[in-house]
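Colleague: Give me a model of this one.
(one chain, ligands or ions: 1)
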Amino acid sequence: MYLIIRCQNCATFTYIDRFQNWKLCPVCGETMQRNGVQEYLDVENHHDADAIIAELERYLHQNKKVDLTAEETGKLRAAYARLVGSSIR
Ligand SMILES: [Zn+2]
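Modeller: Numbers count the residues shown, from 1 in each chain. Below you'll find the model as predicted:
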């Protein structure tokens with residue numbers, strides 16, 4: 001399981017293993033504490049994390065937004081839950 005998080009320093013989306021407590025930002029080198037940053041979404045694997053991060057960046061860019069609202073985060077989680085539920089495993 002991975003958590004999609006965002007660097008507080010440079011706003012880059014990245015992901016962290018659920019059992020890791022911190023991660024260095026791949027862009028600016030900031031130390032991100034798992035408990036200190038906003039969690040956007042819980043995903044099953046890093047392929048999903050990469051795909052969702054790309055989608056998030058595209059969405060924010062297209063809508064000229066800097067961050068998701070709580071409502072948008074909720075929608076994202078619901079959409080991901082549907083996606084996982086509908087895939088054949
Ligand atoms: Zn950063």
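
Colleague: The nearest residue to Glu30 once chain neighbours are set aside and the ion, how far apart?
Modeller: Of all residues not flanking Glu30 in the chain, Asn9 sits nearest, at 4.0 Å (Cβ to Cβ, 6 or more residues apart in numbering). (C-beta placed from N, C-alpha, C; glycine too.) The spacing between Asn9 and the ion, counted by Cβ to the ion, to the nearest Å, is 4 Å.

Colleague: And Gln38, by the same measure?
Modeller: If you go by Cβ to the ion, the gap between Gln38 and the ion works out to 14 Å.

Colleague: my guess is that residue meets Arg6, correct?
Modeller: Yes: using Cβ atoms under 8 Å, Gln38 is in contact with Arg6, at 6.1 Å.

Colleague: near the ion, which residues of this structure show up?
Modeller: By Cβ under 5 Å from the ion, the part of the chain that sits against the ion consists of 7, 9-10, 12, 25, 27-28, 30.

Colleague: Can I get those in a markdown table including neighbour count, pLDDT and distance to Val66?
Modeller: Shown next, in a markdown table, are the residues of the chain next to the ion (neighbours: other Cβ atoms under 10 Å; pLDDT from 0 to 100; distance: Cβ to Cβ, whole Å):
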| residue | neighbour count | pLDDT | distance to Val66 |
| --- | --- | --- | --- |
| Cys7 | 20 | 94 | 13 |
| Asn9 | 13 | 94 | 14 |
| Cys10 | 12 | 94 | 12 |
| Thr12 | 16 | 94 | 13 |
| Cys25 | 19 | 95 | 17 |
| Val27 | 13 | 96 | 16 |
| Cys28 | 12 | 97 | 16 |
| Glu30 | 14 | 95 | 17 |
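
Colleague: Where does the prediction get shaky in this structure?
Modeller: For the chain, applying pLDDT under 70 flags the ranges 87-89.

Colleague: what number of residues lie near Ala49?
Modeller: Using other Cβ atoms under 10 Å, the number of residues around Ala49 comes to 22.
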